[in-house]
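Peer 1: Below: sequence and its predicted model.
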Amino acid sequence: MKKAVTIQSIAEQLNLSRNTVSKALNGQYVPEATRELVLKKAQEMNYKSLNASHIEIGAKRYRILMVAGKPLININYFIPLVKSIENGCYERNYELFQYTYALNRTPFSGFAEYVKELNVDGIMAIECFDRDFITKLVNLGKPVCFNDFTASNIRLNKNYDVISTDDEKSIFYIVKYLGQKYNVKHFTFVGDRTHCLSFYDRYIGMRRGISLGIGLHSDSHDILCRDESFDYGNPEAIRTEILKLHYKPECFICCNDFVARNVCDALKSLKLRVPQDALVVGFDNVPESTAVVPEITSFSIDKDFLGREALRTLVNRIENPDTPTRMITVSTTLVLRESTNRRHF
């Protein structure tokens, strides 16, 4: 009697693990080239459990447009994220196009014509936070996945999703932790909370951490540099704003690591020591967090996973356009460093 074809026998023929073959046959993620190899071999061997849906998985091809609100190539946070999206498209044999939309310089009509000519299946939007642009983008009728979103109240037609990090809970936790560990009573948020949804959620996380985490009045905080035009890359300008604070600075919750690094430089110019005199917290865990002394406590984001999840979300939206809009949150990992560690002092 002829021996039945199994996942194990396919794996042996291809010199792959059984787990890899199983994933390929069950629609789970494997590189597209590997999936096609497994499907082809399964057909050749007359694998009885192979059905039409398996074959269809390897046959789909999409045209994806990645639009960014600013150039991303030299920004440490975005390099692995964009690379992940590029790799995901390459592995699945999707066509990927990239477009930088310069707000107030690029006519939307020109961008809309570009989208029409490309006839893309879906759009990946990164660093696109302008309310008017977002509205026009969604109204093009193409499936869209936003990586982060506007902080403005906005209600749009369906056919888009938003993927972001667990910002509010992350900052809530660190504020509660530092408040209880070091009896910190005054926190200062550094960044434009209206810039994007993630910054706003980090600010809200700080406020909730103050009131619910450590039981203080929610107004026990300052906001440094409320003006969106403020130069957060200028330590001297930050120094000037620190001198205007209503309270003695105790803990700075910064919107990201780039800002946190400049806060540390500003504090140093004021002869305030980190962490002895003031604690500093960043976000994103990019190289800026370890490029200063002391190194900065931050929240690590799996940027490779974030990119791949964004691509999967967009493809799901392309294939299921009537699905309700989703807000997908990816967890972060706290990385405690010297900027919040007073145990040696």
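Peer 2: Received the coordinates, thanks. Numbering: from 1, shown residues only.
Peer 1: what are the ranges of the helices in the stretch 51-200 of the chain?
Peer 2: 52-59, 78-91, 108-118, 131-138, 167-182, 197-208 (DSSP state H, counting those that start in this stretch).
Peer 1: L212: neighbour count?
Peer 2: Here the number of neighbours of L212 (other CB atoms under 10 Å) works out to 13. (C-beta placed from N, C-alpha, C; glycine too.)
Peer 1: coming back round to it: just the helices of the stretch 51-200 of the chain: most buried one?
Peer 2: helix 197-208 (a mean of 22; mean count of other CB atoms under 10 Å).
Peer 1: orientation of that helix relative to helix 167-182 in degrees?
Peer 2: Put simply, helix 197-208 runs at 30 degrees to helix 167-182, going by axes from the mean of the first three to the mean of the last three CA atoms, to 10 degrees.
Peer 1: Helix or strand next in line after helix 197-208, which one?
Peer 2: Remark: after helix 197-208, the chain's next helix or strand is strand 221-224, criterion DSSP states H and E.
Peer 1: returning to that earlier point: CSV please, covering the helices of the stretch 51-200 of the chain and showing distance to P287.
Peer 2: Formatted as CSV, the helices of the stretch 51-200 of the chain follow (distance: least, CB to CB, whole Å):
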stretch, distance to P287
helix 52-59, 38
helix 78-91, 10
helix 108-118, 32
helix 131-138, 30
helix 167-182, 20
helix 197-208, 19
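Peer 1: if I look at the residue lying closest to R131 once chain neighbours are set aside, how far off is A42?
Peer 2: Leaving aside its chain neighbours, R131 sits nearest to S152 (4.6 Å; criterion: CB to CB, 6 or more residues apart in numbering). According to CB to CB, to the nearest Å, S152 stands 50 Å off from A42.
Peer 1: any low-confidence regions in the stretch 151-300 of the chain?
Peer 2: 218-220, 226 (pLDDT under 70).
Peer 1: for it, what spans make up the strands?
Peer 2: 160-165, 187-190, 221-224, 251-254, 279-281, 298-300 (DSSP state E, counting those that start in this stretch).
Peer 1: For the closest residue to V293 other than its chain neighbours, which residues are in contact?
Peer 2: Closest residue to V293 apart from its sequence neighbours, by CB to CB, 6+ apart: E338 at 7.9 Å. By CB atoms under 8 Å, 6 or more residues apart in numbering, the contact list for E338 reads 274-275, 293-295, 297.
Peer 1: thinking again about what came up before, higher neighbour count, S152 and A42?
Peer 2: Comparing S152 with A42 by neighbour count (other CB under 10 Å), the higher total belongs to A42, at 23 against 14.
Peer 1: For my notes, confirm the more buried one occurs in a helix.
Peer 2: Yes. Under DSSP: H, G, I helix; E, B strand; the rest coil, A42 falls within a helix.
Peer 1: on that earlier part again, and the strands of the stretch 151-300 of the chain as JSON lines, adding distance to N119?
Peer 2: JSON lines is the format used below for the strands of the stretch 151-300 of the chain (distance: least, CB to CB, whole Å):
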{"stretch": "strand 160-165", "distance to N119": "19"}
{"stretch": "strand 187-190", "distance to N119": "44"}
{"stretch": "strand 221-224", "distance to N119": "45"}
{"stretch": "strand 251-254", "distance to N119": "42"}
{"stretch": "strand 279-281", "distance to N119": "45"}
{"stretch": "strand 298-300", "distance to N119": "38"}
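Peer 1: Identify all residues paired with V67 through a beta bridge.
Peer 2: Per DSSP bridges, the residues bridged to V67 are Y99, A125.
Peer 1: Report the spatially closest residue to K48, excluding sequence-adjacent ones.
Peer 2: V5 (6.9 Å).
Peer 1: Which strand or helix spans the one you found?
Peer 2: Here V5 is assigned to no helix or strand, by DSSP H and E.
Peer 1: That one contacts K41, doesn't it?
Peer 2: No. Contact criterion CB atoms under 8 Å: V5 and K41 do not qualify, at 9.8 Å.
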